[in-house]
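S.K.: I would like to see how this sequence folds:
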Amino acid sequence: MGKDPHQNADWITNTYSAPLVCHEKEKEAISKRCIVGDTINQRTMIHPDFEAIPTPGHTPGSTCYLWQAPDASYLFTGDTIFFNKNRWAIFVMNGSQEEMLSSLDTISKLDFDYLVPGAHTGDANMEATTKEKTQETIDEIVARIKSGKNATF
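M.R.: All right, here's what the predicted structure looks like:
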């Protein structure tokens, strides 16, 4: 019998005393897989250098996490933005297109050096970016959404 694939999140919580923080709209679903330490429903500083930012659209409780590390800043996007063949992409699953557009606007205003999605196809699992590149890429995704095209490329 193999290890439980969901044990990793609890391992991190138990090993580092780092509770899992998620949006309150996702607590029920996430609790089925691992221990939820706390929930949020608005932008929240979890630690002086780590912020949880609700970004609904992919799902109603999608959340990004912005880490201001000593060397750079990293935006962990989960499935809100992912890499599809090494390009930024979005997918509205149980959320709404309007919420996704609002979340993309929120993300475009954040200051971060690296985009770190939770999912990817292709080789890239993290990408360096600039404020200008972030804005250009998000503008391209928004244009595709508004034109009725698939924003996953």
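S.K.: with adjacent residues omitted, what lies nearest to Gly37?
M.R.: Closest residue in space to Gly37, ignoring its immediate chain neighbours: Pro19 at 2.2 Å, by CB to CB, 6 or more residues apart in numbering. Every C-beta, even on glycine, is put in place using the N, C-alpha and C of the backbone.
S.K.: distance of that neighbour relative to Ala52?
M.R.: 12 Å (CB to CB, to the nearest Å).
S.K.: now Asp79
M.R.: 15 Å.
S.K.: now Gly122
M.R.: Distance, Gly122 to Ala52, using CB to CB: 27 Å.
S.K.: between these two, point out the one with more neighbours.
M.R.: The residue with more neighbours, out of Gly122 and Ala52, is Ala52; 22 against 10, by other CB atoms under 10 Å.
S.K.: is the more buried one bridged to anything, and to what?
M.R.: Bridge pairing for Ala52 (DSSP bridges) gives the partners Thr44, Tyr65.
S.K.: for this structure, what helix or strand is lowest in average pLDDT?
M.R.: helix 7-16 (a mean of 78; mean pLDDT, DSSP states H and E).
S.K.: check the offset of the following helix or strand past that one from the chain's centre.
M.R.: As assigned by DSSP states H and E, the chain's next helix or strand after helix 7-16 is strand 21-23. What separates the centre of strand 21-23 from the centre of its chain is 11 Å, taken as CA atoms, centre = their mean, to the nearest Å.
S.K.: for whichever helix or strand comes after strand 21-23, which positions count as buried?
M.R.: Beyond strand 21-23 in the direction of the C-terminus, DSSP H and E gives the next helix or strand as helix 27-31. Using 16 or more other CB atoms under 10 Å as the test for burial, helix 27-31 gives Ile30.
S.K.: show me what secondary structure element comes after helix 27-31.
M.R.: Criterion used, DSSP H and E; the element after helix 27-31 is strand 38-40.
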